[in-house]
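> Sequence first, predicted model second:
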Amino acid sequence: MTHAPKKLLNDTRNVVTEMLDGLALANDGLVERIAGKDILIRTDLPDSKVTLLIGGGSGHEPLFHGFVGYNLGDAAACGQVFAAPSPDIIFDAAMAAHRGKGVLFLYGNYAGDNMNFDIAAELLAEEGIDVRTVRVNDDVAAAPPERADDRRGIAGDIYAIKVAGGAAATCQTLDEVERIARKAVGNLRSMGVAVAAGSIPETGKLTFELADDEIEVGMGAHGEAGIAKQKLVSADEVVDQLMDRILTDMPLGKGDEIAILINNLGATTMMEMLIVNRRVRQILEGQGVKVYRSDVGTYLTVQEMAGLSITVMKLDDELKQYLDMPARSVGFSNM
Amino acid sequence: MQELTPPQVTDMLRAVAQAVIDKTDVLTDADLATGDGDHGIGMRRGCEAALDALGPDLSIEDAFKKTGMAIMSKTGGAAGAVFGTFFRGGAGVFADSGSLNAGKFRDFLAQSCAAVSKRGGVEEGAKTMVDAVMPAFRAAAKETGDDLREVFAAAEQGALDGVEASKAMIATTGKARSLGERSIGHPDPGAISVSIILGAMKSYVSGL
């Protein structure tokens, strides 16, 4: 790797602020950036509601800040590329979005995010604001089931935000919103595969190395190592590997209903995504599992990383209700 | 050299911040080996903010606190939380202190180590900056004399030993965790930052 990958950028130190300005504008007035801060917030927040605060490192667009909107996140605290937001950003975002009924922090389970959100929660507690925390830990490749608390949050974030956003819009108490968000997270399982690495704009360096004929199964959302590097094989074989791991972790059978989300990590073609989707459905049909809803698209990227992840959420009537609610944001809309 | 005045402490912390900024590329490369490669630019952002925050007429306590808050606010990520805590965690030992002496610095390291370990929820052996901070603290504690040069030198050597020892460790936390045994052979980038920080303190005092 001798040169920085080609990207259309200005001063690379300003990528986050320039991106947030552009993202706010893409919401057509429904979301604004708090001046001078790396925070996006809805402009149409009701006077009284439970607040859903989401956030994490930037560079994964549209996650997280692209999911601020109607019946989704109320505000997002944005870090630098692949780095958790600092406690003061989180604190300021929570204070700005708080509408008297407490704040649910919903974010991916990473050491940096956990520490910074925890510090912010301590500061908010001193202000008398009730804060609860739900960490998304859907990546089955990151740790075995008995250490599920060590699992990273990947594209399961999207369904978690969708469900929690619906709950935060309609439930009267923080307790209830927390309970529903926790249920959603408990029912989420994901796993990804990387075909090529992405790079951090400011360093211009790829976050990991993969040979031309190699893929990494179970790759994390920042280039963290997966389960194994292996030779490139067919789409169906890769899907079989991912689904085997997911379904071993959360066995599904006749009568189970699920939502599936196939997420593009950045540079994979829609053609590949749909080929993968077809195989996922073949496997699920073979097991008698009913797919209630499917989403195929680009939700959590790792810059120009090529690859994808598969997310499964096991549903019940309550989760379906929140998944079905209308929603509007740059990252995700429901009609 | 037995004590530093408040303006000297501010100068020393500015030298620390500059030393980290100067090593951005070293930290980036170290982090690319085990993590995602943002440690260098994150520490640079935090240390640039620290330079801005370290104005004139600061008490010793405030100089450490402002450095910690700048790093916590601007570095972001796990590094911001733990390195911010490193500078802030022990700042209280300097409350109402007109000077920084060897005893106070040892107390500072003791409290900062405890605060960092608690915030990160990790002990030694997990291949983190704690693996440099703790041996630095122990080495400084053993150096019971009053000469600041010797205490800082001992602390730096402890940190460097920690960097070396971290190479053999398997990461059990942070983004490097999933590498498992593949993390062996690479030093922890956070540990390297600790050695740079303490090394810059030693250099500053040696230059007086």
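Cool, the structure landed.
> and A:Ala194, what is it in contact with?
A:208, A:210, A:215-216, A:219, A:223, A:226, A:265, A:302, A:305-307 (C-beta atoms under 8 Å, 6 or more residues apart in numbering or on different chains). C-beta here means a position set from N, CA and C on the backbone, and glycine is covered the same way.
> which one of these is nearest chain B?
A:Gly223 (5.4 Å; C-beta to the nearest C-beta).
> Read off the pLDDT value for the residue minimising distance to the centre of chain B.
With distances taken as C-alpha atoms, centre = their mean, the residue of chain B nearest its centroid is B:Val194 (3.7 Å). For B:Val194, the pLDDT comes out at 97.
> If we ignore the residues flanking it in sequence, what's nearest it?
B:Ala132 (3.7 Å; C-beta to C-beta, 6 or more residues apart in numbering or on different chains).
> now swap in A:Ala24 and tell me
A:Ala24 sits nearest to A:Arg33 (C-beta to C-beta, 6+ apart), 4.3 Å away.
> again with A:Leu274
In space, and not counting its chain neighbours, A:Leu274 is closest to A:Val296: 6.6 Å by C-beta to C-beta, 6+ apart.
> any idea how far A:Ala259 is from that neighbour?
Separation of A:Val296 from A:Ala259 (C-beta to C-beta, to the nearest Å) stands at 12 Å.
> What score does the residue lying closest to A:Ile39 once chain neighbours are set aside have for pLDDT?
Spatial nearest neighbour of A:Ile39, excluding adjacent residues (C-beta to C-beta, 6+ apart): A:Ala93 at 4.4 Å. Predicted confidence (pLDDT) for A:Ala93: 98.
> circling back: which secondary structure element is home to the residue nearest to A:Leu274?
strand A:290-297 (DSSP states H and E).
> Near chain B, list only the ones from the contacts of A:Ala194.
A:208, A:223, A:226 (C-beta under 8 Å from any C-beta of the partner chain).
> which one of these has the most neighbours?
When neighbours are counted by other C-beta atoms under 10 Å in any protein chain shown, A:Gly223 leads the ones next to chain B among the contacts of A:Ala194 with 28 neighbours.
> that's a helix at that residue, yeah?
No. The assignment for A:Gly223, made by DSSP: H, G, I helix; E, B strand; the rest coil, is coil rather than a helix.
> what's the helix or strand of chain B with the lowest mean pLDDT packed up against?
When each helix and strand of chain B is scored by mean pLDDT, DSSP states H and E, helix B:24-34 comes last, with a mean of 91. Packing partners of helix B:24-34 (3 or more C-beta pairs under 8 Å, 6 or more residues apart in numbering or on different chains; DSSP states H and E): helix B:39-53, helix B:189-206.
> give me that answer again for 10 Å
With contacts taken as 3 or more C-beta pairs under 10 Å, 6 or more residues apart in numbering or on different chains; DSSP states H and E, helix B:24-34 sits against strand A:205-206, helix B:39-53, helix B:189-206.
> any chance of the ones you listed in a markdown table, plus distance to B:Gly76?
What follows is those, written out as a markdown table (distance: least, C-beta to C-beta, whole Å):
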| stretch | distance to B:Gly76 |
| --- | --- |
| strand A:205-206 | 18 |
| helix B:39-53 | 6 |
| helix B:189-206 | 14 |
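> still on that earlier bit, just the CA atoms of the strand holding A:Val296, as PDB, please.
The C-alpha trace of strand A:290-297 is given here as PDB (Å, rounded to 0.1, in the frame of the first residue of the first chain):
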ATOM      1  CA  LYS A 290     -41.100 -16.800   8.000                       C
ATOM      2  CA  VAL A 291     -39.500 -13.600   6.900                       C
ATOM      3  CA  TYR A 292     -41.800 -10.800   8.000                       C
ATOM      4  CA  ARG A 293     -39.700  -8.000   6.600                       C
ATOM      5  CA  SER A 294     -36.400  -7.600   4.700                       C
ATOM      6  CA  ASP A 295     -34.100  -4.600   4.200                       C
ATOM      7  CA  VAL A 296     -31.300  -4.800   1.700                       C
ATOM      8  CA  GLY A 297     -29.200  -1.700   1.500                       C
END
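> Can you list the helices and strands that the following helix or strand past it packs against?
Scanning forward in sequence from strand A:290-297 by DSSP H and E, the next helix or strand is strand A:306-314. Judged by 3+ C-beta pairs under 10 Å, 6+ apart, strand A:306-314 is in contact with helix A:156-170, helix A:174-186, strand A:188-196, strand A:214-217, helix A:235-249, strand A:257-264, helix A:270-286, strand A:290-297.
> where does the residue nearest to B:Val194 fall, phi/psi-wise?
Main-chain dihedrals, B:Ala132, degrees, to the nearest 10: phi -110, psi -40.
> any idea of the pLDDT on it?
On the pLDDT scale, B:Ala132 is placed at 97.
> now A:His98
98.
> didn't it look like it was pressed against A:Thr51?
Yes. Shown here, A:His98 and A:Thr51 form a contact pair, counting by C-beta atoms under 10 Å, at 5.4 Å.
> These two: who's more crowded?
Per other C-beta under 10 Å, whichever of A:His98 and A:Thr51 has more neighbours is A:Thr51, with 26 against 22.
> got the CA positions of the helix or strand where that one lies in CSV?
Following DSSP H and E, the helix or strand that holds A:Thr51 is strand A:49-58. Extracted in CSV, the C-alpha atoms of strand A:49-58 (Å, rounded to 0.1, in the frame of the first residue of the first chain):
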residue,chain,number,x,y,z
LYS,A,49,-41.3,12.5,25.2
VAL,A,50,-38.7,9.9,26.2
THR,A,51,-35.5,10.8,24.5
LEU,A,52,-33.6,8.4,22.3
LEU,A,53,-29.9,9.4,22.0
ILE,A,54,-27.8,7.4,19.6
GLY,A,55,-24.2,7.9,18.6
GLY,A,56,-20.8,6.6,18.0
GLY,A,57,-17.8,7.1,15.8
SER,A,58,-18.2,8.7,12.4
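> is any part of it close to chain B?
Yes. Applying C-beta under 10 Å from any C-beta of the partner chain, one finds strand A:49-58 in contact with chain B at A:57-58.
> Mind checking the pLDDT average for the helix or strand just after that strand?
Using DSSP H and E, the helix or strand that follows strand A:49-58 in sequence is strand A:75-81. Averaged over strand A:75-81, pLDDT sits at 96.
> ok and the very next helix or strand once past strand A:75-81 relative to strand A:49-58, angle-wise?
Sequence-wise, the next helix or strand downstream of strand A:75-81 (DSSP H and E) is helix A:87-97. Relative orientation of helix A:87-97 and strand A:49-58, computed by axes from the mean of the first three to the mean of the last three C-alpha atoms, to 10 degrees: 150 degrees.
> my guess is B:Ala17 meets B:Arg45, correct?
No. If you go by C-beta under 10 Å, B:Ala17 and B:Arg45 don't touch, sitting 11.0 Å apart.
> quick one: common contacting residues for those two?
Common contact partners of B:Ala17 and B:Arg45 (C-beta atoms under 10 Å, 6 or more residues apart in numbering or on different chains): B:70-71.
> quick revisit: the residue nearest to A:Leu274: neighbour count?
Count around A:Val296 with other C-beta under 10 Å applied: 17.
> With A:Pro144 instead?
If you count neighbours by other C-beta under 10 Å, A:Pro144 ends up with 10.
> residues contacting it?
Contacts for A:Pro144 (C-beta under 10 Å, 6+ apart) come out as A:150-151, A:249.
> And the pLDDT at it?
So, for A:Pro144, pLDDT stands at 91.
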